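I'll drop the sequence and a predicted model, then ask my questions.
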There are 2 protein chains.
Amino acid sequence: MTAHGLPAPRWPLARRAERLEPSVIREILKVTERPGILSLAGGLPAPESFPVQAMREACARVLADAPSEALQYAASEGFGPLRDWVAAHLAQLGLQVPAAQVLITTGSQQGLDLVGKLLIDAGSRVAVESPTYLGALQAFAPYEPEFQALDCDEQGPLPQALAAAAGVRFLYLLPSFQNPSGRSMGAARRLEIVRAAAQAGVPLVEDNPYGELWYDAPPPPPLAAAAGEGAIYLGSFSKVLAPGLRLGYVAAPKALFPKLLQAKQAADLHTPGFNQRVAFEALRSGLLDTHLPQVRARYKAQRDAMRAALDRHLPPGCRFSVPAGGMFFWVELPERLDATALLPRAVDAGMAYVPGAPFYCHAPQRHTLRLSFVTVAPPQIEQAVAALGAVLRAALEAQR
Amino acid sequence: MTAHGLPAPRWPLARRAERLEPSVIREILKVTERPGILSLAGGLPAPESFPVQAMREACARVLADAPSEALQYAASEGFGPLRDWVAAHLAQLGLQVPAAQVLITTGSQQGLDLVGKLLIDAGSRVAVESPTYLGALQAFAPYEPEFQALDCDEQGPLPQALAAAAGVRFLYLLPSFQNPSGRSMGAARRLEIVRAAAQAGVPLVEDNPYGELWYDAPPPPPLAAAAGEGAIYLGSFSKVLAPGLRLGYVAAPKALFPKLLQAKQAADLHTPGFNQRVAFEALRSGLLDTHLPQVRARYKAQRDAMRAALDRHLPPGCRFSVPAGGMFFWVELPERLDATALLPRAVDAGMAYVPGAPFYCHAPQRHTLRLSFVTVAPPQIEQAVAALGAVLRAALEAQR
């Protein structure tokens, strides 16, 4: 009702709003905020890994040296020195891209949204891995694509699957320590995919939030390094500094950059300049040289703890691979178990995971689940996995 | 070329990408970064108005008291205490809305993008004021609406114009100290618009970034206060704290909130938690009680200086009204002058403005221009307006 007593007008929604859905993960995260739940669900970095002292010093320095600039409106492209830093960082990974083609985004999730906005028409086909990152499906979905899941093996998409993807707007893939599967693509496979994509005329959107989180050896160079103008590359500061800053970036082909920048302007004018300057201030002193080895050591120990706990507690018939980096174990249960249906029991038993089904755009594999090893320490990992094992055993018993 | 020597795939763009254009204002801002140019172009708050010391203290406190929470992933809705603060603040303005219907956004520009994403289909009609905020046109444009400019007078849209807007997805309006025109809607007109909108079944999207920047008397309560579930209200911290934090908010009808939240999740997961906590920390101590009167006094003096300078230097045939708040004077030149064509001469003369044409969705009035009085101090305002006056006189002379 309005103040005049007239009925308020109704709000017709855009058709794309039908494609917006609640985030399964965020709904689970709410449940797991209950005290006493050991959550292996969200991909939340260990708070102990945040470089808090460096952040303190960087904030103080930015507000001492350049308060007016840090608090003012800023360029949509991003803070120049941070763009330069990203270009230099990517060069170290093997990807040569001019800083002028680097766009700073409000988290790499925004990069996914901008890519969707720029490239997807209603009914456009978009190829993805199976399973794939849920947040990418959610970012692309409102632009109303038809998703096409490519055949995958333990390294990701099969090169021979690319021919069937001819005509897609792009192939979205996460070649290093994939979310959710934990799998990685070797150097030879990367080159095969780039070749097959070029032959099929398929542009690549390469997402690499976890590349720095390797525990055995660094991953091979990005696909974008071999793909030339045929790839968009997305990166993030969330896993190497902290997610609460919401800083990511897109390195785009020269021909795409102007439109990408205009989409960025329309979306939020620019990423917070204060945050960009704070991050740059922390990074310029070489923080990552000391910080990343510490983070890797922490997460490697947690990964090894989870591997040992899974070996100890999972009932027969469960399968998993050991991820060489990133944040996640992907577990396949015996096919007759449904991880979504079992989640409430796991929560009752004091732990939480993410069921695998939402990571599939088609034909969800309901007997899969994702476990994060980065959020809690080894003793809690042991305890949570033991609880999960008990729930699974009980479920198998009950079905016998 | 790829590393294999194959041609890189081409990137077909979405149809909506055609509707993305470079921001005229941002292009002008680049020109005005040349040293020595006095810019009255961008709506950049005076850096002297930023509460730097309060920011320093707030950053230090957040990183001392809650570093893990501030740097971690956070809720898409926004930081609870900041949402509560917004609800209480809106109540003071006369708008009662539960904190549960407040979404924190990455600047209010993101609020505009999310509104467009949720409500606009290709070909949907969207009603706007004429002229209207360029950034809103740019946020909505990629969703491919047909804009419908409503007849306006010196208070904004005419109530009788609403009948012709029946069937639009919404009417976007900026009732207090509008960008670019500086005009404001009185209390009676606000109620008339709400009534006419309800009668025509037209939902309202009310944008109020400047409401706190009043120099004579506070503006009347928001239209949303009378419109019930028939209005979305957008607010910003950019003008009362600092734009570099990129913090805004949307207060949405209860029925719309869930989809709005899902659009937000898809767009960037959440607005930086660190920034939200820093802003809340600064606000909770009552910063605005002391800070806003100082900002108002500064800008009022600058407004008065610009009024005097315009009276002194504009040639006969120019018209302007004195804004009661906000950031802008809107100047109508003699109709035979084209403000876009004259801009390079103004820049050569050492000053910059924004031509009025881009603020019109149809039938641009090329003899209009916008001047910001908030960025530079009275002596520079005098100097810049004098330079503008000389350019205009020369142009009129040349046409004689």
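Cool, got the structure. Please read all numbers here as calculations on a predicted model, not as lab measurements.

please enumerate the helices of the stretch 301-400 of chain A.
For the stretch 301-400 of chain A, the helices defined by DSSP state H, counting those that start in this stretch cover A:339-348, A:378-399.

how about those helices, which one is nearest chain B?
Nearest to chain B among those is helix A:378-399; the distance by CB to the nearest CB comes to 15.6 Å. In short, each C-beta sits where N, CA and C put it, glycine included.

can you list the buried residues in that closest one?
Using 16 or more other CB atoms under 10 Å in any protein chain shown as the burial criterion, the residues of helix A:378-399 that qualify are A:378, A:380-382, A:384-392, A:395-396.

need the contact partners of that helix.
Around helix A:378-399, the neighbours that count as contacts under CB atoms under 8 Å, 6 or more residues apart in numbering or on different chains are A:38-40, A:301-302, A:305-306, A:308-310, A:312-315, A:317-318, A:333-334, A:336-337, A:342, A:345-346, A:349-351, A:353, A:371, A:373, A:376.

buried ones among those?
Judged by 16+ other CB under 10 Å, buried ones among these: A:38-40, A:302, A:305-306, A:309-310, A:313-315, A:318, A:333, A:337, A:342, A:346, A:349-351, A:353, A:371, A:373, A:376.

contacts only, for the nearest residue to A:Thr368 once chain neighbours are set aside.
In space, and not counting its chain neighbours, A:Thr368 is closest to A:Gly356: 2.9 Å by CB to CB, 6 or more residues apart in numbering or on different chains. Contact partners of A:Gly356, counting by CB under 8 Å, 6+ apart, are A:Pro131, A:Pro180, A:Trp330, A:Ala339, A:Pro364, A:Gln365, A:Arg366, A:His367, A:Thr368, A:Leu369, A:Arg370.

kindly report the same for A:Leu283.
When the contact criterion is CB under 8 Å, 6+ apart, the partners of A:Leu283 are A:Leu82, A:Trp85, A:Leu241.

let's see if you can find the most crowded of the contacts of A:Gly356.
When neighbours are taken as other CB atoms under 10 Å in any protein chain shown, the top entry among the contacts of A:Gly356 is A:Leu369 (30 neighbours).

how far away is the residue nearest to it when sequence neighbours are not counted from A:Asp348?
When the adjacent residues along the chain are set aside, A:Leu369 lies closest to A:Ala339, with 4.1 Å between them (CB to CB, 6+ apart). A:Ala339 sits 15 Å away from A:Asp348, taking CB to CB, to the nearest Å as the criterion.

kindly report the same for A:Ala74.
A:Ala74 sits 49 Å away from A:Asp348, taking CB to CB as the criterion.

okay, the two: which has more neighbours?
Each of A:Ala74 and A:Asp348 had its neighbours counted (other CB under 10 Å), and the higher figure belongs to A:Ala74 (23 against 11).

quick check, A:His143 in contact with A:Gly116.
No His there; residue A:143 is Tyr. Yes. Using CB atoms under 8 Å, A:Tyr143 is in contact with A:Gly116, at 4.5 Å.

the two: which is more packed in?
Taking A:Tyr143 and A:Gly116 together and counting by other CB under 10 Å, A:Gly116 has the greater number of neighbours (27 against 24).

now do the helix or strand containing that one against helix B:107-119, angle only.
Secondary structure assigned from DSSP states H and E places A:Gly116 in helix A:107-119. Orientation of helix A:107-119 against helix B:107-119 (axes from the mean of the first three to the mean of the last three CA atoms, to 10 degrees) gives an angle of 50 degrees.

next SSE after helix A:107-119?
With elements assigned by DSSP H and E, the helix or strand that comes after helix A:107-119 is strand A:125-128.

residues in contact with A:Ala309?
With contacts defined as CB under 8 Å, 6+ apart, A:Ala309 is in contact with A:Ile381, A:Glu382, A:Val385, A:Ala386.

can you spell out which helices and strands pack onto the helix holding A:Gly116?
In this structure, helix A:107-119 packs against strand A:102-105, helix A:134-140, strand A:204-207, strand A:231-236, strand A:248-251, helix A:257-268, helix B:257-268, with contacts taken as 3 or more CB pairs under 8 Å, 6 or more residues apart in numbering or on different chains; DSSP states H and E.

then that helix to CSV, C-alphas only?
Extracted in CSV, the C-alpha atoms of helix A:107-119 (Å, rounded to 0.1, in the frame of the first residue of the first chain):
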residue,chain,number,x,y,z
GLY,A,107,37.0,-10.1,-6.7
SER,A,108,37.4,-12.6,-9.5
GLN,A,109,33.7,-13.3,-9.2
GLN,A,110,33.2,-9.9,-10.8
GLY,A,111,35.5,-10.9,-13.6
LEU,A,112,33.2,-13.9,-14.3
ASP,A,113,30.1,-11.6,-14.3
LEU,A,114,31.7,-9.2,-16.7
VAL,A,115,32.8,-12.0,-19.0
GLY,A,116,29.2,-13.3,-19.0
LYS,A,117,27.8,-9.8,-19.6
LEU,A,118,30.1,-9.2,-22.6
LEU,A,119,30.0,-12.6,-24.3
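
stretch A:242-250 near chain B at all?
Yes. Judged by CB under 8 Å from any CB of the partner chain, stretch A:242-250 and chain B are in contact via A:Ala242, A:Pro243, A:Gly244, A:Leu245, A:Arg246.

so the third one lies in a helix, does it not?
Read that as A:Gly244. Yes. Per DSSP: H, G, I helix; E, B strand; the rest coil, A:Gly244 lies within a helix segment.

domain parsing for chain A?
Per automatic domain parsing, the structural domains of chain A span A:19-49+A:289-399, A:52-285.

and the first one, end to end?
Counting by CA to CA, to the nearest Å, the length from the leading to the trailing residue of domain A:19-49+A:289-399 is 36 Å.

pLDDT on it, on average?
Confidence over domain A:19-49+A:289-399 (mean pLDDT, whole number) is 93.

residues from the stretch 201-350 of chain A in reach of chain B?
A:201-203, A:225-230, A:238, A:242-246, A:253, A:255-256, A:258-259, A:262-263, A:265-275.

now, of those residues, which are buried?
With neighbours counted using 16+ other CB under 10 Å, those contain these buried positions: A:201-203, A:225-230, A:238, A:242-246, A:253, A:256, A:259, A:262-263, A:265-275.

hang on, isn't A:Pro203 packed against A:Tyr172?
No. Using CB under 8 Å, A:Pro203 and A:Tyr172 do not qualify as a contacting pair, with a distance of 10.1 Å.

if we ignore the residues flanking it in sequence, what's nearest the closest residue to chain B within the stretch 301-400 of chain A?
Proximity to chain B, evaluated over the stretch 301-400 of chain A using CB to the nearest CB, is greatest for A:Thr375 at 9.7 Å. Beyond its immediate neighbours in the sequence, the residue positioned closest to A:Thr375 (CB to CB, 6+ apart) is A:Leu44, lying 4.7 Å away.

where does the one you found fall, phi/psi-wise?
Backbone dihedrals for A:Leu44, given as degrees, to the nearest 10, come out at phi -90, psi 120.

run a quick neighbour tally on it.
For A:Leu44, which is what you asked about, the neighbour count (other CB under 10 Å) is 17.

identify the residues contacting it.
A:Pro243, A:Ser372, A:Val374, A:Thr375, B:Gln72, B:Tyr73.

what do you get for A:Ala297?
In this structure, A:Ala297 makes contact with no residue, judged by CB under 8 Å, 6+ apart.

what's the helix or strand for the residue lying closest to A:Leu245 once chain neighbours are set aside?
Ranked by CB to CB, 6+ apart and with sequence neighbours excluded, the top spatial neighbour of A:Leu245 is A:Asn275, at 4.8 Å. Taking DSSP H and E as the criterion, A:Asn275 maps to helix A:273-284.
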